[in-house]
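Colleague: no FASTA, just this:
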């Protein structure tokens, strides 16, 4: 049985995902700029209908999320 010395380069390598798991992303980690713009528009809108006013930003966010494989209603 070969002896392996732990170094900063190989520590924790057995815990890193590989293959498909390595390419999957969490929804909270993508499209952050689009999400922030959407949220800011919806929260701070002075319009009587923020959904209509922010429709473009919501659409951009949904499109971005779809690009990462997420399905939004």
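Modeller: The structure has been received and is ready for your questions. On a predicted model such as this, the values are computed, not experimentally measured, just so you know. Numbering: from 1, shown residues only.
Colleague: count the neighbours of residue 42 for me.
Modeller: As a burial measure, residue 42 scores 15 neighbours (other C-beta atoms under 10 Å). C-betas here are computed from N, CA, C, even on glycine.
Colleague: same thing with residue 59?
Modeller: Residues near residue 59, counting by other C-beta under 10 Å: 12.
Colleague: per-residue pLDDT, it?
Modeller: As predicted, residue 59 sits at a pLDDT of 96.
Colleague: ok, it to residue 35 distance?
Modeller: Distance, residue 59 to residue 35, by C-beta to C-beta, to the nearest Å: 13 Å.
Colleague: also residue 52?
Modeller: 19 Å.
Colleague: these two: which is more packed in?
Modeller: A direct count of neighbours by other C-beta under 10 Å for residue 52 and residue 35 places residue 35 higher, at 17 against 9.
Colleague: same for the helix or strand hosting that one, what does it pack against?
Modeller: Assigned by DSSP states H and E, residue 35 falls within helix 32-44. Packing contacts for helix 32-44, counted by 3 or more C-beta pairs under 8 Å, 6 or more residues apart in numbering; DSSP states H and E, involve helix 50-53, helix 55-67.
Colleague: what stretches of the protein score poorly on pLDDT?
Modeller: 1-23 (pLDDT under 70).
Colleague: hmm, back to that, deepest of the helices and strands packed on helix 32-44, which one?
Modeller: Most buried of the helices and strands packed on helix 32-44, by mean neighbour count (mean count of other C-beta atoms under 10 Å): helix 55-67, with a mean of 15.
Colleague: quick check: angle from that one to helix 32-44?
Modeller: Helix 55-67 and helix 32-44 meet at an angle of 150 degrees, taking axes from the mean of the first three to the mean of the last three C-alpha atoms, to 10 degrees as the criterion.
Colleague: just use 264 as the starting number from now, easier for me
Modeller: That works, and once the first residue is 264, the last one we named lands at helix 318-330.
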